[in-house]
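Peer 1: predicted structure and sequence below. I'll ask about it afterward.
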Amino acid sequence: FRRPKRLVELGTHFGCSFFAFLQAAKDLGIDTECIAVDTWTGDEHAGYYGNEVFDVVEKTRSSCFPQQSARLVRKLFDEALADVPDRSVDVLHIDGFHSYEAVQHDFETWAPKLAEDSVVLFHDVAPSTEYGS
């Protein structure tokens with residue numbers, strides 16, 4: 001099975017997927033750097049919110065995963081590109097704005113960050129969601 005060195009999640013909201021990744025790395029004893037990228041202000045699909053969501057994510061990260069290598073990057077996805085070296089991401093989870101155009105943009109702009117043999121996960125792709133992703 002894969003032992004990713006770096007995982008990046010684009011769009012974290014309350015962190016359900018992000019914490020699942022952290023828990024898996026913890027349980028398997030994998031030294032994976034997990035990076036969550038989000039503005040934590042919301043959008044048209046998730047709704048808009050204040051700092052309370054980021055505060056919950058940070059509190060959960062610090063209390064449940066204090067020994068894990070985890071970063072919360074509070075930026076737009078395009079702004080966060082500078083924070084991650086090219087060809088260094090083993091797992092990329094795209095869970096931002098769910099229009100086809102937005103997902104395509106996220107994939108294309110983050111593609112140079114992907115390591116050889118990387119895995120890309122796309123969230124909310126079921127036709128029933130009617131998002132377009």
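Peer 2: Thanks, I have it.

Peer 1: what residues does the lowest-mean-pLDDT helix or strand in the chain touch?
Peer 2: Sorted by mean pLDDT, DSSP states H and E, the helices and strands of the chain end with strand 42-43, the least confident at a mean of 86. Taking contacts as C-beta atoms under 8 Å, 6 or more residues apart in numbering, the residues outside strand 42-43 that touch it are 13, 48, 49, 53, 96, 97. All C-beta atoms are positioned from the backbone trio N, CA, C, and that covers glycine.

Peer 1: try 10 Å
Peer 2: 11, 13, 48, 49, 50, 53, 96, 97, 98, 102 (C-beta atoms under 10 Å, 6 or more residues apart in numbering).

Peer 1: what helices and strands are in contact with the next helix or strand after it?
Peer 2: Next along the chain after strand 42-43, taking DSSP states H and E as the criterion, comes strand 47-48. Contact here means 3 or more C-beta pairs under 10 Å, 6 or more residues apart in numbering; DSSP states H and E; on that basis strand 47-48 packs against no helix or strand.

Peer 1: tell me which residues in the helix or strand just after strand 47-48 are buried?
Peer 2: Proceeding N to C from strand 47-48, the next assigned helix or strand is helix 51-64, under DSSP H and E. For helix 51-64, the neighbour count (16 or more other C-beta atoms under 10 Å) marks 53, 54, 57, 61 as buried.
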